[in-house]
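[1] let's see this in three dimensions:
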Amino acid sequence: MKAPSRWLTIPSAAGLAAALLSGCGTETQGGTADTGGSIVVGMSDDVLATDPAAGYDPGSWLLFNNVFQSLMSFPKGSSTPQPEAAKSCAFEQGGSTTYRCTLRAGLTFSNGDSLTSQDVKYSFDRAIKIDDPAGPAPLLSTIRTIDTPTASTVVFHLNVPDATFPSKIASGAGSIVDHRSYPSGALRKDSGAVGSGPYKLDSITKQKAVFSVNSDYQGTAVVKNSGVTLSFFRGDQKALAAALEKGTVDIAYRGLTAQDNAKLEDSASAQKKGIDVVEGTSAEVQHLVFNMKDPVVGKLAVRKAIAYLVDRDALVSQVYQSTATPLYSIVPAGITGHNTAFFDLYGGSPQPSKAESALRAAGITGKVKLTLWSTPSRYGPATDLEFKAIAKQLNSSGLFDASVKSVAFDQYEKDIAAGKYGVYVKGWVPDYPDPDNFTQPFFGKDNVLENNYTNNDITGRIIPETSAQTDRGLTEKDFGELQDEVAQQLPILPLWQGKQYAVAYDNISGLEWTLDASTVFRFWEISKDTG
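    Below is the predicted model of the structure:
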């Protein structure tokens, strides 16, 4: 089944002299460490859904990760899931087709209803049955049946080996709902949410969402504040920056532009108030995608020439002002299987002589005319600047006549599906921090790139074998081979790996534990010194 779209990017924070906050902590059982007051977080994203069967956008998953529990979760700073609502989970008999979980004792939802295996089964069956176009059902496509032999035991029977299943159910797709509060065949019609996570959703409007601490929560999180309010700025980045400077929000997350951040850094009032920039890791990536049936870039020599000429260092320093890092692999740094296949083949700086040799060896003697297609409405205004920089890099070699065209996202997606573009941009934010999520959606059956690339070794051997390997460390060799093959065939060219940023007052602590490759923004890790 085709994966749902996660072609989303965190708005650029270029221009920041990031001040990385450091901290330490130890994992304890869930509870409340009353270390501060309520926190207001401003962001430019909307929360498009409060029902886990429908939401697949960053704002919605932010809500799901804090209001609902999953059987598994990603601990801070880790890409390996651990039990959350479950006391234990494991594949049976050393395979990867039967997965058994035992729930913690005494779990309850925020409305007082008990949480049992019936609710777990109901939640997964419901999401698959509803199959909302904007929902997570495709991530659950390997589920064949679910058994509940006891009130505390859930057994998943998978239709194919899927060693990534624990990571999938640790994401927002694994949110557990109360079977008494959510209809089985339709989405909940109101904006309420009944979960068992560390927070309760008290209210949500177009302007804000208010969360209070769930005192009945039982899990791994230790809550370090008395509540969180999300303030929505609905794309108005300047208003978000102004709110931070005025002090009406404590934290600005996902939304400040480079210019706004630069103004905050230079603002005397901001400096006086102690506004800091917090930098975290990210597995967000961006690729240049080639249509393999295009009459121009369908030629390997043309793709090789582009690979030899693109200067990633210049892009991240001049366009993104070092808020991203050059990427030379399909699997980003920090994820199992990362390598430097594209650096090894094409180098880390422009090599025009090799680009020319590749073209001439293929009998191409004139300038190669091509169009680079962009859509800033999806990937941010810096995308057009980036593509213009790439076109300039290609043209300065004397080998290309490249131009840039930009269209609205809806038209962009239609034209890609129709095969109208030869070269275009795609950005990816992972569903879960595993190499599978950076490879199967791109190169598996019905891949989301829609670039007419097929590789039987990848689809017939590497993906099935890695999907069956429960020890994810043992997949490194296979994923390395996959990336080597892709680097040689060049259906895509990795450009950069992003970083995450939040801007906050210096009385805010713990943000460094919310900005990691898992993409889970953990409300409970944030505290506010009210002294």
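[2] now do the buried residues in stretch 39-49.
    The neighbour-count check on stretch 39-49 (16 or more other Cβ atoms under 10 Å) flags 39-47, 49 as buried. Every C-beta, even on glycine, is put in place using the N, C-alpha and C of the backbone.
[3] what's the most distant pair in those?
    Within those, two members stand farthest from each other by Cβ to Cβ: Ile39 and Ala49, at 22.9 Å.
[4] before we move on, the earlier item: which one of the buried residues of stretch 39-49 is nearest Asn507?
    For the buried residues of stretch 39-49, the nearest to Asn507 is Ile39 (10.1 Å; Cβ to Cβ).
[5] in a helix, that's where Val404 is, yeah?
    No - under DSSP: H, G, I helix; E, B strand; the rest coil, Val404 sits outside any helix and is assigned strand.
[6] count of neighbours near it?
    Neighbours of Val404 under the rule other Cβ atoms under 10 Å: 19.
[7] thought Glu279 was touching Lys499?
    Yes - with contacts counted by Cβ atoms under 8 Å, Glu279 reaches Lys499, the gap being 5.8 Å.
[8] pLDDT averaged over stretch 85-100 - what is it?
    Mean pLDDT, stretch 85-100: 93.
[9] which helix or strand in this protein has the lowest average pLDDT?
    Ranked by mean pLDDT, DSSP states H and E, the weakest helix or strand in the chain is strand 31-32, scoring a mean of 60.
[10] now do the contacts for Thr164.
    Going by Cβ atoms under 8 Å, 6 or more residues apart in numbering, Thr164 touches 432, 434, 436-437, 467.
[11] sitting in strands, which of the buried residues of stretch 39-49 do you find?
    39-43 (DSSP state E).
[12] can you give me the distance of Gln489 to Gly298?
    Gln489 sits 12 Å away from Gly298, going by Cβ to Cβ, to the nearest Å.
[13] try Tyr99
    Applying Cβ to Cβ, the value for Tyr99 to Gly298 is 42 Å.
[14] neighbour count: these two, which is higher?
    It is Tyr99, of Tyr99 and Gly298, that has more neighbours when counted by other Cβ under 10 Å, with 24 against 14.
[15] identify the bridge partners of that one.
    Legend: beta-bridge partners of Tyr99 under DSSP bridges are Phe91, Phe156.
[16] so it touches Gln93, yeah?
    No - between Tyr99 and Gln93 there is no contact, the gap being 11.2 Å when judged by Cβ under 8 Å.
[17] can you read off the pLDDT for the closest residue in space to Ile526 that isn't next to it in sequence?
    Spatial nearest neighbour of Ile526, excluding adjacent residues (Cβ to Cβ, 6 or more residues apart in numbering): Gly510 at 4.6 Å. On the pLDDT scale, Gly510 is placed at 95.
[18] for the closest residue to Phe109 other than its chain neighbours, give me its contacts.
    Distance criterion Cβ to Cβ, 6+ apart; nearest residue to Phe109, sequence neighbours excluded, is Asp178 at 4.6 Å. Asp178 is in contact with 109, 111, 113, 115, 119, 194-195, counting by Cβ under 8 Å, 6+ apart.
[19] could I get those as CSV with secondary structure and pLDDT?
    Below are the contacts of Asp178 laid out as CSV (DSSP: H, G, I helix; E, B strand; the rest coil; pLDDT from 0 to 100):
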residue, secondary structure, pLDDT
Phe109, coil, 98
Asn111, coil, 97
Asp113, coil, 98
Leu115, coil, 98
Asp119, helix, 98
Val194, coil, 98
Gly195, coil, 98
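[20] next one: the residue nearest the centre of the chain from Arg522, what distance?
    The centroid of the chain falls nearest to Val429 when counting by Cα atoms, centre = their mean (2.7 Å). Using Cβ to Cβ, we find Val429 at a distance of 17 Å from Arg522.
[21] any stretches of the stretch 1-150 of the chain with poor pLDDT?
    1-36 (pLDDT under 70).
[22] likewise the chain?
    1-36, 257-266.
[23] any idea how many residues pack against Gly247?
    When neighbours are defined as other Cβ under 10 Å, Gly247 has 12 of them.
[24] actually Cys89, not the one I typed
    Cys89: 23 surrounding residues under other Cβ under 10 Å.
[25] which positions in the helix or strand harbouring it come out as buried?
    Assigned by DSSP states H and E, Cys89 belongs to strand 86-91. Judged by neighbour count using 16+ other Cβ under 10 Å, the buried positions of strand 86-91 are 86, 89, 91.
[26] and of the contacts of Thr164, the nearest to Gln351?
    Nearest to Gln351, judged by Cβ to Cβ, of these is Asn437 at 31.7 Å.
[27] without its sequence neighbours, what residue ends up closest to the closest one?
    Of all residues beyond its chain neighbours, the one nearest Asn437 is Pro430 (4.6 Å), with distances taken as Cβ to Cβ, 6+ apart.
[28] repeat for Leu62
    With Cβ to Cβ, 6+ apart as the criterion, Leu62 has its nearest non-adjacent residue at 5.1 Å, and that residue is Phe521.
[29] same check, this time on Tyr217
    Excluding its sequence neighbours, the residue lying closest to Tyr217 (Cβ to Cβ, 6+ apart) is Pro198, at 4.8 Å.
[30] for Ser269, see how far away the one you found is.
    Applying Cβ to Cβ, the value for Pro198 to Ser269 is 34 Å.
[31] buried set for stretch 93-105?
    Within stretch 93-105, the residues scored as buried using 16+ other Cβ under 10 Å are 96-97, 99-104.
[32] wait, Val228 touches Trp524, no?
    No - counting by Cβ under 8 Å, Val228 stays clear of Trp524, with 9.0 Å between them.
[33] higher neighbour count, those two?
    Using other Cβ under 10 Å as the criterion, Val228 and Trp524 rank with Trp524 on top: 27 against 24.
[34] what sits against that one?
    Shown in contact with Trp524 (Cβ under 8 Å, 6+ apart): 66, 198-199, 221-225.
[35] of those, which belong to strands?
    Secondary structure from DSSP E places 199, 222-223 of those in strands.
[36] quick check, nearest of these to Leu495?
    Relative to Leu495, the closest of those is Tyr199; by Cβ to Cβ it sits at 36.3 Å.
[37] beta partners of that closest one?
    Tyr199 has these beta-bridge partners by DSSP bridges: Val213.
[38] returning to what we had before: export the ones in strands among the contacts of Trp524 to CSV and tack on neighbour count and distance to Asp125?
    Formatted as CSV, these follow (neighbours: other Cβ atoms under 10 Å; distance: Cβ to Cβ, whole Å):
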residue, neighbour count, distance to Asp125
Tyr199, 26, 25
Val222, 18, 32
Val223, 26, 31
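[39] quick check, nearest of those to Thr80?
    Closest approach to Thr80 among these (Cβ to Cβ): Val222, at 19.3 Å.
[40] can you pull the contacts of Phe387?
    372, 374, 404, 406, 425.
[41] what's near enough to touch Ser79?
    Residues near Ser79 by Cβ under 8 Å, 6+ apart: 167, 334-336, 433-434, 517-518.
[42] if we use 6 Å, what do you get?
    Counting by Cβ atoms under 6 Å, 6 or more residues apart in numbering, Ser79 makes contact with 433, 517.
[43] one more: Gly59?
    By Cβ under 6 Å, 6+ apart, Gly59 lies in contact with 45-47.
[44] dump the residues you listed into JSON lines; add distance to Val289 as well.
    Below are these laid out as JSON lines (distance: Cβ to Cβ, whole Å):
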{"residue": "Asp45", "distance to Val289": "24"}
{"residue": "Asp46", "distance to Val289": "27"}
{"residue": "Val47", "distance to Val289": "29"}
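[45] could you list which of those belong to helices?
    Secondary structure defined by DSSP state H assigns none of these to helices.
[46] Lys528 is in contact with the residue nearest to Ile526, correct?
    No - with contacts counted by Cβ atoms under 6 Å, Gly510 stays clear of Lys528, the gap being 9.3 Å.
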